[in-house]
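K.L.:
Quick one: sequence plus predicted model below, questions after.
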Amino acid sequence: MPMLLLDRVVRRYRQGADALEVLSGASMALHAGEVVALVAPSGTGKSTLLHVAGLLERPDGGEVYLDGEPTSSLSDDARTALRRNEVGFVYQFHHLLPEFSALENVALPQLIRGLPAPQARERASELLSYLGLGHRLSHRPAELSGGEQQRVAIARAVANAPRLLFADEPTGNLDPVTSAHVFNTLTRLARASGLAAVVATHNLDLAGTLDRRITLRDGQIVDL
Ligand code: ADP
Ligand code: ADP
């Protein structure tokens, strides 16, 4: 059974008097440990797809199944709880808290979830070391390179051990070598933990390093 299944998902936005249908029956399956590249031009609905798949937005039609269970009938609270436990997000800009160290930024989601501080710091330290940032624990975001900042953001996104990760142009702001490093980090995490990820990117070379490639065409998901 796929971890995540999108079945003919529809998503529309109201734009003045009109409705724009961004997703028109988008279907895909995502399995544990798989890292999928989502490659499509701007404005075709990549962010919308990631938000619906990540339970941030509700579809207007179709269904999103997690472990075979439909999610559309869940209450907002239940969806939020599920998202907190199971889903991580990474964006083009890292959104790290500037006053906090790398370690504190990664420990924070675990503290919010109720883990005692020593354990949260321990896991944050292990995770950052695993991602090659063991020598950067006490650095603030401004003291890190762009690639390091993005790897801290990835560590933060997976700090609570989600099973799904959605990354929206995570290297849109980075040079090619640094971008490759960030992609490698995502793949390594997925291999090690069974994390399933969808990574929206414009970079076809990098997309080629992931397990498979999909795109959006007329609101539907097709293989590349
Ligand atoms: P992408 O990530 O591929 O650039 P988006 O999913 O952000 O695409 O947006 C797809 C289309 O939906 C765009 O035309 C955008 O203007 C529109 N859109 C996205 N979010 C909203 C919203 N909240 N309200 C109205 N229109 C939206
Ligand atoms: P990565 O591939 O992880 O992004 P880079 O090749 O960009 O790493 O940077 C290598 C090293 O150069 C970093 O470990 C960092 O110490 C230093 N560095 C790069 N950019 C900056 C910056 N803006 N401020 C401080 N140090 C930086």
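P.N.:
It's in. Ligands and ions are numbered 1, 2, ... in the order given.

K.L.:
need the residues of the chain near ligand 2, please.
P.N.:
Within the chain, the residues that sit near ligand 2 (Cβ under 6 Å from any ligand atom) are 143, 145-148, 178, 181. Using the backbone N, CA and C atoms, a C-beta is placed for each residue, glycine as well.

K.L.:
tell me the contacts of residue 68?
P.N.:
By Cβ atoms under 8 Å, 6 or more residues apart in numbering, the residues touching residue 68 are 1, 5.

K.L.:
again, 6 Å this time
P.N.:
Taking Cβ atoms under 6 Å, 6 or more residues apart in numbering as the criterion, residue 68 is in contact with residue 1.

K.L.:
And residue 67, how far from ligand 1?
P.N.:
With distances taken as Cβ to the nearest ligand atom, to the nearest Å, residue 67 is found 26 Å from ligand 1.

K.L.:
Same question for residue 33.
P.N.:
Counting by Cβ to the nearest ligand atom, the gap from residue 33 to ligand 1 is 25 Å.

K.L.:
Is that residue in a helix, a strand, or coil?
P.N.:
Local secondary structure at residue 33 is given as coil here, using DSSP: H, G, I helix; E, B strand; the rest coil.

K.L.:
Could I get the pLDDT score of it?
P.N.:
Each residue has a pLDDT score; the one for residue 33 is 94.

K.L.:
What average pLDDT does the helix or strand where residue 155 lies get?
P.N.:
Using DSSP states H and E, the element containing residue 155 is helix 146-157. For helix 146-157, the mean per-residue pLDDT is 95.

K.L.:
for the longest helix seen in the chain, packing partners?
P.N.:
Longest helix of the chain, by residue count under DSSP state H: helix 176-193. Here helix 176-193 touches strand 35-38, helix 146-157, going by 3 or more Cβ pairs under 6 Å, 6 or more residues apart in numbering; DSSP states H and E.

K.L.:
Check whether whichever helix or strand comes after the shortest one comes near ligand 1.
P.N.:
Remark: after strand 35-38, the chain's next helix or strand is helix 46-53, criterion DSSP H and E. Yes - Helix 46-53 is in contact with ligand 1 by Cβ under 6 Å from any ligand atom, via 46-48.

K.L.:
List of residues touching helix 46-53?
P.N.:
Outside of helix 46-53, the residues within contact range by Cβ under 6 Å, 6+ apart are 9, 11, 22, 38, 40, 57, 59, 166, 168, 200.

K.L.:
what's the spacing between the closest residue to residue 74 other than its chain neighbours and residue 66?
P.N.:
Distance criterion Cβ to Cβ, 6 or more residues apart in numbering; nearest residue to residue 74, sequence neighbours excluded, is residue 82 at 7.0 Å. Noted for residue 82: a distance of 7 Å to residue 66, by Cβ to Cβ, to the nearest Å.
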